[in-house]
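Participant: what follows is a predicted protein model with its sequence.
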Amino acid sequence: MNPRIDAIEGSVIRALNDRKKPSSIDLGLGEPTLLPTMRYLHAATEWVARNGCRYTPSAGDVELRETIARHYGYPGLESPQHVIVTAGSQEALALSIKAILDPSRDAMLVVEPAFPVYAKCAQMEGIAVERVQLSARDGFAFDAERIAGAMTKHTRLIVICSPCNPTARVISRDQAARLAELLARRGGDPVYVLHDEVYRELLFTDDAGRVAEFHPHTVVVNSLSKSNALTGMRLGWVMAPKAAIPSMTKVHAWLVSTANTYAQRVALEIFRAPDGLQEHAAWYAAQRAAVLGALAASGVEHLPIDGSFYAAVHAGWDVETLPFAYRLLEEADVVVIPGSTFGSSFEGWLRCSWVAPVDSVREGLRRIAGTGLRLTGTPAER
């Protein structure tokens, strides 16, 4: 067997999810509980009935790629030639890392706390992973100076997720612009930024930075999974500069040939609809307001919720969150994700998804607060 694969640990998130019971309050898996809007699927089904379900071009349906490029309008990425339609955002991430980085010389800098898939994809390719940890004392706010200062001579790609899974923080326009300025000063071969925007439609701040608006060497990844409750549709896309697209398209073609034709048609129907990508935004805004009230009532310390559908809850500076999460499941029947899953800087924190009915979220937070005191002592003891 491939030793690189054998060396990669399995998913803690999935392992915890597999151990939940029917009675469990699930604040773990990052998946919408809303149902999709069926008119998009019905329209796609009717189109397939008329036209069949044949291959599209490898990079994806041209009309869909044109629509995606026009919708976002990022400088230099406005044409369909800069878009590849993928089998979900994770394929988009994997093919970007594989195509852009040379394992013999390049390194990838991950801005942590971060979802573990970025490092895992690099490890599968034998690519060196560098890490920069945002500061817990600053609430894990994005810090361009800290990120740029962590680069080495080998850094060729920086990975940022904003809105962030797991912290729910969002990079500001000033910090996005500052990062672009610092990267432009570096000189030599360009350093790419991979901006994972999969939670882009779930924003609760007016000050959201888009790295692609400032940095010409930005790769942007997104999907329908979170915005439209279509995680199982596996339809994503990546937008990238001209220099990267040929290699990325080649990787995509050999991995999957082309994305699902039916799913691409669903995506086109969504993009055509007025505010189709924002159809669930009002529900999430109302849910967030209720969750903030539940957090306040529980008394637990938490980070601001700038975006996404997560709340970062502080379990304690001295808490090892992996055993804490397993004990929480066993003793309180609540599923949460331990902060250590997202990097050492997030140890002591828990990622809590708040897509469940708000009464369940409220009860889950109440149990976390109670169990946390029992397991880790009172604040005076810590």
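Facilitator: Okay, I see it.
Participant: quick check: buried residues in stretch 79-94?
Facilitator: By neighbour count with 16 or more other Cβ atoms under 10 Å, stretch 79-94 contains the buried residues 80-94. C-beta here means a position set from N, CA and C on the backbone, and glycine is covered the same way.
Participant: and which of those is nearest residue 362?
Facilitator: When these are ranked by distance to residue 362 (Cβ to Cβ), residue 89 comes first, at 30.4 Å.
Participant: and the closest one, helix, strand or coil?
Facilitator: Under DSSP: H, G, I helix; E, B strand; the rest coil, residue 89 falls in the helix class.
Participant: let me see the contact set for it.
Facilitator: Shown in contact with residue 89 (Cβ atoms under 8 Å, 6 or more residues apart in numbering): 196, 198, 221-223, 225, 236.
Participant: now swap in residue 184 and tell me
Facilitator: Counting by Cβ under 8 Å, 6+ apart, residue 184 makes contact with residue 215.
Participant: residue 345 now?
Facilitator: Residues counted as contacts of residue 345 (Cβ under 8 Å, 6+ apart) are 112-113, 133-136, 140.
Participant: number of residues surrounding residue 125?
Facilitator: Using other Cβ atoms under 10 Å, residue 125 is surrounded by 14 other residues.
Participant: now the helices for the stretch 51-200 of the chain?
Facilitator: For the stretch 51-200 of the chain, applying DSSP state H, counting those that start in this stretch gives helices covering 62-72, 88-100, 117-125, 144-149, 173-186.
Participant: now tabulate those helices in TSV and tack on mean pLDDT and distance to residue 203.
Facilitator: Below are those laid out as TSV (pLDDT from 0 to 100; distance: least, Cβ to Cβ, whole Å):
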stretch	mean pLDDT	distance to residue 203
helix 62-72	98	14
helix 88-100	98	17
helix 117-125	97	21
helix 144-149	98	20
helix 173-186	97	12
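Participant: just name the most buried of these.
Facilitator: helix 88-100 (a mean of 24; mean count of other Cβ atoms under 10 Å).
Participant: report the inter-axis angle for that one versus helix 117-125.
Facilitator: Inter-element angle recorded for helix 88-100 and helix 117-125: 50 degrees (by axes from the mean of the first three to the mean of the last three Cα atoms, to 10 degrees).
Participant: could I get the phi/psi values of residue 165?
Facilitator: Reported as degrees, to the nearest 10, the phi and psi values for residue 165 are phi -100, psi 110.
Participant: ok so, going back, show me which of the contacts of residue 345 are buried.
Facilitator: The buried subset of the contacts of residue 345 - by 16+ other Cβ under 10 Å - is 112-113, 133-134, 136, 140.
Participant: wait, doesn't residue 331 sit right on residue 368?
Facilitator: No: the criterion here is Cβ atoms under 8 Å, and residue 331 misses it with residue 368 at 11.0 Å.
Participant: of these two, who's got more company?
Facilitator: residue 368 (23 against 13).
Participant: follow-up on the earlier one: redo the buried ones among the contacts of residue 345 as a markdown table? Include distance to residue 159 and pLDDT.
Facilitator: Putting the buried ones among the contacts of residue 345 into a markdown table (distance: Cβ to Cβ, whole Å; pLDDT from 0 to 100) gives the following:
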| residue | distance to residue 159 | pLDDT |
| --- | --- | --- |
| 112 | 10 | 98 |
| 113 | 12 | 98 |
| 133 | 13 | 98 |
| 134 | 13 | 98 |
| 136 | 20 | 95 |
| 140 | 15 | 98 |
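Participant: which two of the residues you listed have the greatest separation?
Facilitator: Across the buried ones among the contacts of residue 345 (Cβ to Cβ), the longest gap, 11.0 Å, separates 112 and 136.
Participant: which residues do those two both contact?
Facilitator: With Cβ under 8 Å, 6+ apart as the test, residue 112 and residue 136 both reach 345-346.
Participant: residue contacts, the residue nearest to residue 190 when sequence neighbours are not counted?
Facilitator: Using Cβ to Cβ, 6 or more residues apart in numbering and skipping the chain neighbours, the partner closest in space to residue 190 is residue 217 (4.3 Å). Going by Cβ under 8 Å, 6+ apart, residue 217 touches 183, 190-193, 241.
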